[in-house]
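Student: sequence first, then the predicted structure, then my questions.
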Amino acid sequence: MSRSLKKGAWVDPKLLAKLGKVRRGDKTVIKTWSRASTITPEMLGFTFGVHNGKIHIPVFVVENMVGHRLGEFAPTRKFVRHGGKMQKEIEQAGAGTAPPGAPASAPAPAASSGDKNEKKK
């Protein structure tokens with residue numbers, strides 16, 4: 001559920017203090033653990049290091065991000081494919097075949113005795 005407009009956007013006060021100390025042109029990364037802070041127009045052009053639970057992910061704020069939360073741009077989970085080496089072999093072999101849900105193709109028609117390519121005895 002979205003936040004009421006009369007309450008305004010929530011931004012961590014410590015983050016605002018750090019934002020006031022840095023100039024817009026600087027390439028310094030502002031580290032923060034506040035994933036719940038809303039991105040405001042004053043944050044445009046800054047790079048934030050948003051903590052994902054393990055490391056700080058650099059997030060450069062652009063105009064389309066205003067109104068969203070900082071945590072939306074730093075994923076906390078890593079997608080891992082299962083299977084390892086066997087899975088890669090299956091994917092490579094299956095690249096030229098139809099997907100598993102697709103119907104099987106009809107077998108090739110048998111060559112007739114009057115085929116032109118058949119060798120004569």
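Tutor: Noted; the coordinates are in hand.
Student: any idea where the strands of this protein begin and end?
Tutor: 29-32, 47-51, 56-60 (DSSP state E).
Student: quick check: nearest residue in space to the most centrally placed residue in the chain, chain neighbours excluded?
Tutor: Nearest to the mean C-alpha position of the chain, counting by CA atoms, centre = their mean, stands residue 75 at 7.9 Å. If the residues on either side of it in the chain are set aside, residue 75 comes closest to residue 52, at 6.5 Å by CB to CB, 6 or more residues apart in numbering. Where C-beta positions appear, they are placed from N, C-alpha and C, glycine not excepted.
Student: for the one you found, list the residues it contacts.
Tutor: 74, 75, 76 (CB atoms under 8 Å, 6 or more residues apart in numbering).
Student: does the last one really touch residue 55, like I thought?
Tutor: No: taking contacts as CB atoms under 8 Å, residue 76 lies outside contact range of residue 55: 10.9 Å.
Student: ranking helices and strands of this structure by mean pLDDT, which lands last?
Tutor: helix 84-93 (a mean of 78; mean pLDDT, DSSP states H and E).
Student: ok, and what's touching it?
Tutor: Counting by CB under 8 Å, 6+ apart, residues outside helix 84-93 touching it are 81, 83.
Student: with just CA atoms, put that helix into PDB.
Tutor: In PDB, the C-alpha atoms belonging to helix 84-93 read as follows (Å, rounded to 0.1, in the frame of the first residue of the first chain):
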ATOM      1  CA  GLY A  84      26.100 -27.000 -12.800                       C
ATOM      2  CA  LYS A  85      28.000 -28.700 -15.600                       C
ATOM      3  CA  MET A  86      25.300 -31.200 -16.400                       C
ATOM      4  CA  GLN A  87      22.700 -28.400 -16.800                       C
ATOM      5  CA  LYS A  88      25.000 -26.500 -19.200                       C
ATOM      6  CA  GLU A  89      25.400 -29.600 -21.400                       C
ATOM      7  CA  ILE A  90      21.600 -30.100 -21.400                       C
ATOM      8  CA  GLU A  91      21.000 -26.500 -22.400                       C
ATOM      9  CA  GLN A  92      23.600 -26.600 -25.200                       C
ATOM     10  CA  ALA A  93      22.200 -29.900 -26.600                       C
END
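Student: so how far is that helix off the chain centroid?
Tutor: 23 Å (CA atoms, centre = their mean, to the nearest Å).
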